[in-house]
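Asks: pasting a predicted model and its sequence here:
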Amino acid sequence: MNLILLGAPGAGKGTQATKIAERYGLIHISTGDIFRANIKNGTEIGKLAKSYIDKGELVPDEVTCAIVKDRLTWEDVAKSNGYLLDGFPRNLFQAEELDKFAKLDGVVNINIDFKLLMDRLCGRRVCKECGESYHVSTLNGATTCARCGGELYQRKDDNPETVGSRLKVYEEQTAPLIDYYTKKGIILNVTGTEAPAEVLFEQVKALLDDLAKRA
Ligand code: ADP
Ligand code: ZN
């Protein structure tokens, strides 16, 4: 089962992705995580990506598509039940490229009220070790991950100005993909809320259990 996870920044893609990958035995591929790992390791790709990410703009398509195309050829993907793309594709060009080398079964689209996103993203703290996300308002001053004890940090692009650009890029470039995949008949819509991630995952699970049965 090969899936895409669509949703605005802050919709909760990362958290859902971890849960989906675990339940269905899929390889979780996040282009944002790949870029951040490259930045941390000081690679050429990292240096290039950083200049775009810091401004809330998209990393150029050629670079991003090449990374994903290569990643899908790794052995872990061949040995798994499929993959889950998180954060890719992000515009129509990437979606059309992906169609050339991938066979998709479903696109989970997390719809969420835009008003919630600015606060969610600017208050987000992420675990350095396992990637789990938290919101400052629920941490009670804790600085480590409840799941693995890792140190929590704030992503450099989670500041009001960069978040503003990211949301604009989402509306202009990524949101049209909902229509693109709806026309292909593979969209699975769920509604994100302020409720805990487990509540949203119940919706996701119902749709994907059904898809897995038909696959
Ligand atoms: P979020 O969904 O919270 O914005 P991501 O971790 O998915 O976070 O992405 C962080 C940044 O990485 C994006 O703002 C963008 O600059 C870059 N990026 C991630 N995926 C892509 C992609 N598919 N195409 C271009 N840039 C990307
Ligand atoms: Zn952790």
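Replies: In hand now; what should we look at? Numbering: from 1, shown residues only. Ligands and ions are numbered 1, 2, ... in the order given.

Asks: going on from the strand or helix carrying residue 38, what's the next piece of helix or strand?
Replies: Residue 38 is part of helix 31-40, with elements assigned from DSSP states H and E. Using DSSP H and E, the helix or strand that follows helix 31-40 in sequence is helix 44-53.

Asks: is ligand 1 contacted by that next one?
Replies: Yes: Helix 44-53 reaches ligand 1 (C-beta under 6 Å from any ligand atom) through 52-53. In this view, the C-beta of every residue, glycine as well, is placed from N, C-alpha and C.

Asks: and that helix, how far out from the chain middle?
Replies: Relative to the centre of its chain, helix 44-53 is centred 18 Å away, using C-alpha atoms, centre = their mean, to the nearest Å.

Asks: what's the angle between that helix and helix 31-40?
Replies: Counting by axes from the mean of the first three to the mean of the last three C-alpha atoms, to 10 degrees, helix 44-53 lies at 120 degrees to helix 31-40.

Asks: start the count at 8, not 1, going forward
Replies: Okay, using 8 as the starting number, the last item reads as helix 51-60.

Asks: in helix 51-60, what counts as buried?
Replies: For helix 51-60, burial by neighbour count (16 or more other C-beta atoms under 10 Å) applies to 52-53, 55-57, 59-60.

Asks: which one of these is nearest residue 144?
Replies: Distance to residue 144 across the buried residues of helix 51-60 (C-beta to C-beta) is lowest for residue 60, with 25.2 Å.

Asks: quick one: the helices in the chain, in order.
Replies: Counting by DSSP state H, the chain has helices at residues 20-31, 38-47, 51-60, 68-78, 82-86, 99-108, 124-129, 143-146, 167-176, 183-190, 204-221.

Asks: show me what the third one is packed against.
Replies: This points to helix 51-60. Other helices and strands packing on helix 51-60, by 3 or more C-beta pairs under 8 Å, 6 or more residues apart in numbering; DSSP states H and E, are helix 38-47, helix 68-78.

Asks: and the first one, C-alpha only, in CSV?
Replies: C-alpha atoms of helix 38-47 as CSV (Å, rounded to 0.1, in the frame of the first residue of the first chain):
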residue,chain,number,x,y,z
THR,A,38,11.1,15.2,2.7
GLY,A,39,11.2,17.8,5.5
ASP,A,40,13.0,15.2,7.8
ILE,A,41,15.4,14.3,4.9
PHE,A,42,16.3,18.0,4.4
ARG,A,43,16.7,18.6,8.2
ALA,A,44,19.1,15.6,8.4
ASN,A,45,21.1,17.0,5.5
ILE,A,46,21.3,20.4,7.2
LYS,A,47,22.5,18.8,10.4
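
Asks: do you know how far the residue nearest in space to the middle of the chain is from residue 115?
Replies: The structure's the chain has its C-alpha centroid closest to residue 93; by C-alpha atoms, centre = their mean the separation is 3.4 Å. Counting by C-beta to C-beta, to the nearest Å, the separation of residue 93 from residue 115 is 10 Å.

Asks: show me what from the protein comes close to ligand 1.
Replies: Neighbours of ligand 1 within the chain, by C-beta under 6 Å from any ligand atom: 16, 20, 38-39, 42, 59-60, 63-66, 71, 94-95, 97, 101, 164, 173.

Asks: smallest gap between this protein and ligand 1, at which residue?
Replies: The chain approaches ligand 1 most closely through residue 39 (1.8 Å), counting by C-beta to the nearest ligand atom.
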